[in-house]
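[1] return a 3D structure for these sequence lines:
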Amino acid sequence: MGGYMNNSLLEICNTLQAKFSNSADLSVRSLTLNSAQNIKAAVFTIEGMVDKEGLAQSSLNPLLAFDFKNQNSQAAYQTILSSVLASSDVTELKSVEEIITFITSGFAVLVVDGVGSALAIGSQGYAFRGVAEPESEVVQRGAREGFTEPLRVNMSLIRRRLKSPDLVFEQATAGDKSKTQMMLCYLKSAASPLLLQKLRERLNACDLETVLASGYLAEYLEDEHTSRLFSGVGISERPDTVCGKLTEGRIAIIVDGTPAVIIVPRLFVEEFQGVDDYSNRTYYAALIRVIKYFSFILSVYLPAIYTALAQFHPEYFPTWILIKTANSLSQTPLPVTLEVLLITFVYEIMKEAGLRIPKSLGHAVSIVGALVIGESAVTAGIISSSTLMVVATSAICSYVTSPLYPPVTILRIVFVVVAGVLGLWGIVLASAVVIISMCSKTSLGVPYMSALAPFSFRSMRDVFVRASWKKLSQRTIKVQNFAETEES
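    So this is what the prediction gives:
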């Protein structure tokens, strides 16, 4: 029954009940149409996902009140489609699998006995969280709207900002069991057909059984044989951010049931760009960009450089700092490398505890961490005050570029270990490996380090500084141009 439907209403009903194993939430409303031939029909819904009052007004009441006279099943079906249903969202279905997909998405499906097609009626009524400001991408001057869980709501948030027929929503599904609905969103005149084709092929090759969040698909969208430390797949919770990327030729993937949208391809320099950059004056946006890059470097390198200098190259410390650092380290029992790693791991444990526990207990974790790890540990001589200050400064800097927090944390630990074994030369060697890996990475064929490598002078207008809107609006640089430059 996975192909075309049987004309028998009874067989379709039995097939659906067998597919759902007589699940209690599958609802079947049997009808007898007002006709001389007593045509049988049924409406299939999933309990809790349908607006019953809206369904009754738009479909059930008109169906039961309409006089079909002496029409047969096929003629009655055409009359229902053209004249009876008051719903504006009606889709013809040809298979039982399509019926299952639509009823589990909140639609009501009408089947008329003797007809090999069914009608999906838009009557979604499940509860969902309203549109609210996203917590992970807070802005000062931008819009306060963020994506929510329902697919159609997220589509409307994008459509409301890009009122152009050039904006295309292309339907897709993922997950053998979940049958999660998705929408590929792009501007027809801006998106590269080659990038679209690559994306469709990778989504079709996705062999997951369930897709419950955007992160499930990220690994399948990555290019093979490239670095996985940094992601070439962006995730955003803000409609205005997504719309800005669409004009540059990006493709957005809206996944039903998750309040975050995937954006591909993703470039490294975009991790340092924010909505507020384009709302503030140019000089202030440039200052914020510089602070972000500087914070990124500090968060990765500061603990490692401190470890290398304290353990192998103390002569590079200024005299007054050397004296204080030596006195502080001499009172602790652990080597510098182990001390830095210990504090880093304890900090990560505290961060995870703060994320997972109820908000009402968050203050207690902060107080315990400040007293035990901060004051008590230093007073007891378990850790040195200089080490604690270095690790804390690095941790604070990592939050300035929060999208890069996972790779920054891994790099910080790796660099500390290398610095503890090989000193400054180890940091230089590890940095070369990381930079080469980042430069070799691509996202759907687009170099991840564009516009730094390959270098593009025109694109530098929105990297370390942000040019004025008069210059940015003169020509929008499409993301596929970087791939064409690389190929040429």
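
[2] tell me, how many residues neighbour the spatially closest residue to Ile39 that is not a sequence neighbour?
    With sequence-adjacent residues excluded and distances taken as CB to CB, 6 or more residues apart in numbering, Ile39 is closest to Leu33, at 4.4 Å. Where C-beta positions appear, they are placed from N, C-alpha and C, glycine not excepted. Leu33 has 22 neighbouring residues, counting by other CB atoms under 10 Å.

[3] so Leu33 makes contact with Ala65?
    No: the pair Leu33 / Ala65 is not scored as a contact, 10.5 Å apart, by CB atoms under 8 Å.

[4] so which residues of the stretch 1-150 of the chain form helices?
    9-19, 52-55, 61-65, 73-79, 96-103 (DSSP state H, counting those that start in this stretch).

[5] just the C-alpha atoms of the third one, please, in CSV.
    Put plainly, it is helix 61-65. Written as CSV, here are the backbone C-alpha positions of helix 61-65 (Å, rounded to 0.1, in the frame of the first residue of the first chain):
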residue,chain,number,x,y,z
ASN,A,61,-20.4,21.0,8.5
PRO,A,62,-20.3,21.9,4.7
LEU,A,63,-19.8,18.2,3.8
LEU,A,64,-22.9,17.0,5.8
ALA,A,65,-25.1,19.9,4.7
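
[6] what's that helix packed up against?
    Using 3 or more CB pairs under 8 Å, 6 or more residues apart in numbering; DSSP states H and E as the contact test, no helix or strand touches helix 61-65.

[7] contacting residues around it?
    By CB atoms under 8 Å, 6 or more residues apart in numbering, the surrounding residues in contact with helix 61-65 are Leu31, Leu33, Asn34, Ala41, Ile80, Val84, Leu85, Ala86, Leu110.

[8] how about the contacts made by the fifth one?
    With contact set as CB under 8 Å, 6+ apart, Ile80 has these partners: Leu63, Phe66, Leu110, Val112, Leu119.

[9] tell me who's in contact with the third one.
    What that stands for is Leu110. Neighbouring residues of Leu110 by CB under 8 Å, 6+ apart: Ala41, Ala42, Val43, Ser59, Leu63, Ile80, Ala118, Leu119, Ile121.

[10] any idea of the pLDDT on it?
    pLDDT, Leu110: 93.

[11] before we move on, the earlier item: among the contacts of helix 61-65, show me the least confident.
    Minimum pLDDT for the contacts of helix 61-65 is recorded at Ala86 (85).

[12] which residue comes closest to it once chain neighbours are left out?
    With CB to CB, 6+ apart as the criterion, Ala86 has its nearest non-adjacent residue at 4.4 Å, and that residue is Ser58.

[13] how many other residues sit next to the one you found?
    21.

[14] list the residues that contact it.
    Per CB under 8 Å, 6+ apart, neighbours of Ser58: Leu85, Ala86, Ser87, Ile121, Ser123.

[15] before we move on, what about Gln171?
    Gln181, Met182, Met183, Leu184.

[16] next, format the residues you listed as a markdown table and append secondary structure, pLDDT and distance to Arg202.
    Below are those laid out as a markdown table (DSSP: H, G, I helix; E, B strand; the rest coil; pLDDT from 0 to 100; distance: CB to CB, whole Å):
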| residue | secondary structure | pLDDT | distance to Arg202 |
| --- | --- | --- | --- |
| Gln181 | strand | 85 | 18 |
| Met182 | strand | 88 | 12 |
| Met183 | strand | 91 | 16 |
| Leu184 | strand | 92 | 11 |
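
[17] with respect to Ala467, which of these is nearest?
    Set against Ala467, the nearest of the contacts of Gln171 by CB to CB is Leu184 (30.8 Å).

[18] enumerate every residue touching that closest one.
    Val168, Phe169, Glu170, Gln171, Ala172, Leu196, Leu199, Arg200, Ile251, Ala252, Ile253.

[19] coming back round to it: between which two of the contacts of Leu110 is the distance greatest?
    Of all pairs in these, the most separated under CB to CB is Leu63 and Ala118 at 13.9 Å.

[20] between those two, which one's more packed in?
    More neighbours surround Ala118 than the other of Leu63 and Ala118, with 26 against 21 (other CB under 10 Å).

[21] separation between the more buried one and Ala143?
    Distance of Ala118 to Ala143, computed by CB to CB, to the nearest Å: 40 Å.

[22] now do Gly420
    From Gly420 across to Ala143, the span is 46 Å (CB to CB).

[23] tell me which of the two has more neighbours.
    Remark: of Gly420 and Ala143, Gly420 carries more neighbours, 21 against 14, as counted by other CB under 10 Å.

[24] average pLDDT for the helix or strand hosting the more buried one?
    Element membership for Gly420, per DSSP states H and E: helix 405-422. Over the span of helix 405-422, the pLDDT mean works out to 93.

[25] Ser105: neighbour count?
    The local packing of Ser105 (other CB under 10 Å) involves 20 other residues.

[26] excluding chain neighbours, what is closest to it?
    Gln181 (6.2 Å).

[27] contact partners for the one you found?
    So Gln181 contacts Thr101, Ser105, Leu151, Gln171, Ala172, Thr173, Asp256 (CB under 8 Å, 6+ apart).

[28] from those residues, list the buried ones, please.
    Listed as buried from the contacts of Gln181 are Thr101, Ser105, Leu151, Ala172, Asp256; burial here means 16 or more other CB atoms under 10 Å.

[29] separation between the third one and Tyr186?
    If you measure Leu151 against Tyr186 using CB to CB, the figure is 16 Å.

[30] about what we covered before: of all the contacts of Gln181, which two lie farthest apart?
    Across the contacts of Gln181, the longest distance by CB to CB is 13.6 Å; it joins Ser105 and Ala172.

[31] quick check: beta-bridge partners of Arg29?
    Arg29 has these beta-bridge partners by DSSP bridges: Val43.

[32] check it and give its pLDDT.
    Reported pLDDT for Arg29: 90.

[33] fine, thanks again, bye for now.
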